[in-house]
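**Q** can you look at this prediction? I've put the sequence above it.
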Amino acid sequence: MMDFIEKIKEISKTKKGSTILFFGVYVIFFIVIILVIRVGGNKNFMNQEYEKGITTSFKNKGILNNNYYFDYKVHLDDKVYDYYGKRNGDIELFKYNNVDYYKNKTAFFMNNGTWIKCDNPYVFYDFIESVSMGEIIDNSTFMSKEDLEGKKVQYTLLISTNTINKIVSGTDTDYDEIPNQIILDSDNTGEIVKVTFKLDSYCKLNNLCNNSLEIELSYEMFGEIKKIDNPIA
């Protein structure tokens, strides 16, 4: 190492040697810059690969067991759809627009003085139903984790509209877009108790809204619903 330094000093004493050293340092400097750009570019590219599927596990057994009280809010532009009630397996009893609804597997009923069969009142149901919601989350990409007070944690995920379209409607699209966000909030036991979909890109590209779409799914009292009586029988 010392011999190398001495040779550099000897070369620098001549005019020709100084010129060679100058251009040598110049070339090395640009090589370093190019390497930094390439490495930085690769990192940025990887951060935007939000169609690769999630690699982080979350504690969401409570949601997947389908036994809980819930409050679903869908913010579509300036309109809010609010559904709140309880679920035990395939049975739900909930209220929407001050009307009572009952769901038994895939059948929906509403109480309009008497119970009558009706269409599914949920808007953007694929983001609400636990199975399809779980598939959407599984195909998203982890972006960040934030520790909150009381051992609570918030996770932020990204997912493209192209991926959502493939899951929800089976259609292939190739949009160049800003990704949609999914935010998962856990309680102090690590269980996910709130899922927020920020879907502005998805709704605008599919002409489902003018400006914005946000879906908030809140859960509590997992496993505490013993039975939901059939109000129709």
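**A** Cool, got the structure.

**Q** what ranges does the chain have for its helices?
**A** In the chain, the helices defined using DSSP state H lie at 2-12, 15-47, 61-64, 130-138, 161-168, 200-205.

**Q** Lys59 touches Asp185, doesn't it?
**A** No: the criterion here is Cβ atoms under 8 Å, and Lys59 misses it with Asp185 at 11.8 Å. Any C-beta I mention is one placed from the backbone N, CA and C, and that applies to glycine too.

**Q** overlap of the contact sets of these two?
**A** Shared contacts of Lys59 and Asp185 (Cβ atoms under 8 Å, 6 or more residues apart in numbering): Ile192.

**Q** of these two, which one has the most company?
**A** Asp185 (17 against 14; other Cβ atoms under 10 Å).

**Q** near the closest residue to that one other than its chain neighbours, how many other residues are there?
**A** Leaving aside its sequence neighbours, Asp185 sits nearest to Lys194 (Cβ to Cβ, 6 or more residues apart in numbering; 4.0 Å). Using other Cβ under 10 Å, Lys194 has 16 neighbouring residues.

**Q** dump the residue contacts of Lys194.
**A** Neighbours of Lys194 in contact, by Cβ under 8 Å, 6+ apart: 183-185, 216-219.

**Q** rerun at 10 Å
**A** 71, 154, 183-187, 216-220 (Cβ atoms under 10 Å, 6 or more residues apart in numbering).

**Q** just the buried subset of these, please.
**A** Buried members of those, counted by 16 or more other Cβ atoms under 10 Å: 183-187, 216-219.

**Q** and these, which is closest to Asp126?
**A** Leu217 (12.2 Å; Cβ to Cβ).

**Q** excluding chain neighbours, what is closest to the closest one?
**A** Per Cβ to Cβ, 6+ apart, closest to Leu217 is Val195, 4.5 Å.

**Q** next one: Ile215
**A** Once flanking residues are discounted, Ile215 sits nearest to Phe197: 4.3 Å by Cβ to Cβ, 6+ apart.

**Q** try Val74
**A** Tyr81 (4.1 Å).

**Q** surely the one you found and Ile215 touch.
**A** Yes: look at Tyr81 against Ile215 with Cβ atoms under 10 Å: they come within range, at 9.2 Å.

**Q** I'd like to know which helix or strand in this protein has the lowest mean pLDDT.
**A** Using mean pLDDT, DSSP states H and E, the weakest-scoring helix or strand in the chain turns out to be helix 15-47, at a mean of 47.

**Q** so where's the chain shaky on pLDDT?
**A** 1-57 (pLDDT under 70).

**Q** again, 50 this time
**A** Low-confidence segments of the chain (pLDDT under 50): 2, 4-5, 8, 36-50.

**Q** how about the one residue sitting closest to the centre of it, what does it touch?
**A** By Cα atoms, centre = their mean, the chain has its centre lying nearest to Ile182, at 2.4 Å. Applying Cβ under 10 Å, 6+ apart, we find Ile182 in contact with 54, 127, 133, 136-137, 140-143, 155-159, 195-199, 215.

**Q** let's see that with 7 Å instead.
**A** Neighbour list for Ile182: 137, 140, 157, 159, 195, 197 [criterion: Cβ atoms under 7 Å, 6 or more residues apart in numbering].

**Q** turn those residues into CSV, including neighbour count and distance to Phe108.
**A** Shown next, in CSV, are these (neighbours: other Cβ atoms under 10 Å; distance: Cβ to Cβ, whole Å):
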residue, neighbour count, distance to Phe108
Ile137, 20, 25
Ser140, 27, 29
Leu157, 24, 30
Ile159, 26, 28
Val195, 26, 22
Phe197, 24, 22
